[in-house]
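I'll drop the sequence and a predicted model, then ask my questions.
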Amino acid sequence: MPATASAPNPNAPVDWADKRYLLIDDFAGVRQLLRESLRNLGAKHIDQAASGGEAMVLLARTHYDVVLCDYNLGEGKNGQQVLEESRIKHLLLPSSVWLMVSAEKSVESVMGAAEHRPDAYIIKPITEGVLLTRLNRVWTRKQIFRDIDQAFADKDFLRAAKLCDGRIAGDPLHATDLLRMKAAMLLKSGERELACAVYERVLEERDYNWARTGLGKIRMANGEHEAARQMFQSVIAENRFYIDAFDQLAQSYALMGKLEESCDVLEKAAKLSPNSVPRQRSLGLAALKLGNIALAEKAFRKCIDIGEYSILKTADAYLGLARVFGQKNDAREALRLLATVVRDFAGDTLELRAKITEGLVYHESGDYRRARKSGDELELMLAAEKKRPDTPTCLEMATLLFAVGVKEAPVELLCYVARNNHDNMPLLDDVQAVFDHARMGEEGQALIKASRKEAADMMNKGVLLWKTGKVGDAVQWMRVARAALPNNLRILFNSAQIIISQLQQTGYDLALTSEATEVLMHVDRIAPGQLRFAQLMEQLAELSPIGFAPAAGA
């Protein structure tokens, strides 16, 4: 695919007549005023929604060119939640314009909306002149970045970075924005050194907070946690509303083992921008880990409150709050919350996680008989289900099972984790720590060593078949390996690489392309920001027919 494209003429008039519009506001009078303003611009295709729920139905049915959405929409989803769900569900085109409209001027409302990246935030009342000016400005910019945004949506981050390069020299007006996007794409691709060079180039010209924060992220990813911390703190000292720097600073403290400092920063960030479900969840979990029960309860309650109508609504807040009630010796309220989790949340592991939390609640409150009963029930659930949960759940479950006197099931879980992460030494240290806590240190070392060898042998067999020219056999074997070790990054990457090698030899095949894409999307879900992911996605895109891109959103 070409890495360059001509930028649209920013002075060319925009034809507003052929665009599709969606107006989202709970007041009919406001919708009518906006509708008349758009009609005066020549607009013909205008839909309206009086609530967040109604808007989601329309957005799922039609790709709109322009959305004007009020922040406050009465009962149900607010404008921020409509926008976040639209992005997560890929209901917006890369060229779509989203204007957030509100009478709200409070810091928390503006920052909450800004975190979900509307193309503009307009304060009411809106005149026709202001609307036209903002629409023209945003529309022109969106068209300039359209192909880059499409590459981003396809998760072809390296192509997106190359497209930025192709534009920078010929578009000095947007050069800074293009450099910012290029650096972000390189960072997502795992190309830290190249991203670092872009950030440093920008900082030579001007001291942008986003560039310093980007450099801090690279320092942190490279293990330079103290240097990263200093960079994030310097950004905050200059701009106390730069919320991304707070989140990164909290993470840098956590990586340094300074959990109290991390929690303190998260608390400050949550006060600045309190309407973020993920941030309140992180604050609750950090506080719970520290034993700050009052703060954990406050954060989890806030998370549940703001998440009620959000696509980001999380069972973690309910499970965490149940743990809080366990610490307060209120088992009845904890069990009520766990029943809510099982009833209201979908997912293969939710019942399992609720049962783990139940056991922890009983164990922490000193009811060891019921804790053991929960452990026995967990054993039965594990035996009935071949699929294993994610790594944090496996570690938590193994810890509980050991604590209540079960041995065989937690050992199997920890060996499973070790096989799926056979070259992830920090995680293997966590596995060893669980064995050590259960007074199985030496036995645990031997089990981890055997599990690592088993995974390496399985991977090496597929690679050997590939290297000796038996590509078809290698593809088949790596399917077996993926089934046995579904979260082993090395096996997943090598499987995708071997499928691509097959495609290079035999030509494009939709089924094989879809299989490789599915494998890589799984990698991106469990470990985003891998360089090899970006490289293999680019190879897949190059093998695909013109006009076809692998279904990255799958």
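Noted; the coordinates are in hand.

please make it C-alpha for all contacts and neighbour counts, starting now.
Noted.

ranges for the strands of this structure?
Assigned strands in the chain, in chain order: 20-24, 45-49, 66-70, 97-102, 120-123 (criterion: DSSP state E).

relative orientation of the longest one and strand 66-70 in degrees?
The directions of strand 97-102 and strand 66-70 differ by 20 degrees, with axes from the mean of the first three to the mean of the last three CA atoms, to 10 degrees as the criterion.

start at 51, not 1
Yes, from this point I'll number from 51; that puts the last item at strand 147-152.

please identify the deepest-packed of the strands of the chain.
Neighbour counts (mean count of other CA atoms under 10 Å) averaged over each of those peak at strand 116-120, with a mean of 25.

quick one: mean pLDDT for it?
The average pLDDT within strand 116-120 is 96.

low-confidence bits of the stretch 51-200 of the chain, can you list those?
Counting by pLDDT under 70, the stretch 51-200 of the chain contains low-confidence residues at 51-62, 154-160, 162-164, 166.

so where do the helices sit in it?
Secondary structure of the stretch 51-200 of the chain by DSSP state H, counting those that start in this stretch: the helices cover 78-90, 102-111, 129-138, 157-164, 178-194, 196-203.

with mean neighbour count and distance to Leu553 added, can I get these in JSON lines?
Rendered in JSON lines, the data for the helices of the stretch 51-200 of the chain read as follows (neighbours: other CA atoms under 10 Å; distance: least, CA to CA, whole Å):
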{"stretch": "helix 78-90", "mean neighbour count": "16", "distance to Leu553": "49"}
{"stretch": "helix 102-111", "mean neighbour count": "17", "distance to Leu553": "34"}
{"stretch": "helix 129-138", "mean neighbour count": "21", "distance to Leu553": "31"}
{"stretch": "helix 157-164", "mean neighbour count": "18", "distance to Leu553": "43"}
{"stretch": "helix 178-194", "mean neighbour count": "17", "distance to Leu553": "33"}
{"stretch": "helix 196-203", "mean neighbour count": "21", "distance to Leu553": "21"}
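
now the helices for the stretch 351-500 of the chain?
Taking DSSP H, counting those that start in this stretch as the criterion, the stretch 351-500 of the chain carries its helices at 365-377, 381-394, 400-414, 418-434, 441-453, 458-470, 475-487, 491-517.

okay if I get the strands of the chain as CSV plus distance to Ala433?
Below are the strands of the chain laid out as CSV (distance: least, CA to CA, whole Å):
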stretch, distance to Ala433
strand 70-74, 49
strand 95-99, 49
strand 116-120, 49
strand 147-152, 49
strand 170-173, 52
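
re the thing from before, Ala225 is nearest to which of the helices of the stretch 51-200 of the chain?
For those, proximity to Ala225 was assessed by CA to CA; helix 178-194 is nearest, at 11.3 Å.

check what pLDDT Gly370 gets.
Gly370 is assigned a predicted lDDT (pLDDT) of 96.

phi first, then psi, for Pro324.
With angles defined as degrees, to the nearest 10, Pro324 sits at phi -80, psi -10.

quick check: it touching Leu333?
No - taking contacts as CA atoms under 8 Å, Pro324 lies outside contact range of Leu333: 10.8 Å.

so for these two, which sits in the more crowded spot?
Leu333 (28 against 20; other CA atoms under 10 Å).

ok, the more buried one - contacts?
In this structure, Leu333 makes contact with 313, 316-317, 320, 346, 349, judged by CA atoms under 8 Å, 6 or more residues apart in numbering.

tell me which of these fall in helices.
By the criterion of DSSP state H, membership of these in helices covers 313, 316-317, 320, 346, 349.

can you put the helices of the stretch 51-200 of the chain in TSV and add distance to Gln555?
Rendered in TSV, the data for the helices of the stretch 51-200 of the chain read as follows (distance: least, CA to CA, whole Å):
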stretch	distance to Gln555
helix 78-90	54
helix 102-111	39
helix 129-138	36
helix 157-164	47
helix 178-194	37
helix 196-203	26
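
and of these, who's closest to Ala287?
Within the helices of the stretch 51-200 of the chain, the stretch nearest Ala287 is helix 157-164; the backing value is 17.9 Å (CA to CA).

can you give me how far stretch 403-414 is from the chain middle?
Distance of stretch 403-414 from its chain centroid, counting by CA atoms, centre = their mean, to the nearest Å, is 27 Å.

wait, I meant stretch 322-334
15 Å.

stretch 195-205 too?
Computed by CA atoms, centre = their mean, the chain-centroid distance of stretch 195-205 equals 17 Å.

same question, stretch 402-415
27 Å.

need the nearest residue in space to Asn538, chain neighbours excluded.
The shortest distance from Asn538 to any residue that is not its chain neighbour, by CA to CA, 6 or more residues apart in numbering, is 4.2 Å, and that residue is Asn470.

so who does the one you found touch?
Applying CA under 8 Å, 6+ apart to Asn470 gives the contacts 505, 535-539.

any stretches of this protein with poor pLDDT?
Scanning the chain for pLDDT under 70 picks out the ranges 51-62, 154-160, 162-164, 166, 398, 596-604.

try 80
By pLDDT under 80, the low-scoring segments of the chain are 51-63, 153-167, 396-398, 595-604.

what about Phe452, distance to Gln552?
The span separating Phe452 from Gln552 equals 45 Å under the rule CA to CA, to the nearest Å.

can you pull the contacts of Leu237?
If a contact means CA under 8 Å, 6+ apart, then Leu237 has 245, 268, 579 as its contacts.

make a markdown table from those and add neighbour count to it.
Output for these, formatted as a markdown table (neighbours: other CA atoms under 10 Å):
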| residue | neighbour count |
| --- | --- |
| Ala245 | 26 |
| Ile268 | 21 |
| Gly579 | 19 |
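
looking at these, which are in helices?
Using DSSP H, the subset of the contacts of Leu237 located in helices is 245, 268.

number of residues surrounding the closest residue to Arg420 other than its chain neighbours?
With sequence-adjacent residues excluded and distances taken as CA to CA, 6+ apart, Arg420 is closest to Tyr412, at 6.2 Å. Under the neighbour criterion other CA under 10 Å, Tyr412 is assigned a count of 23.
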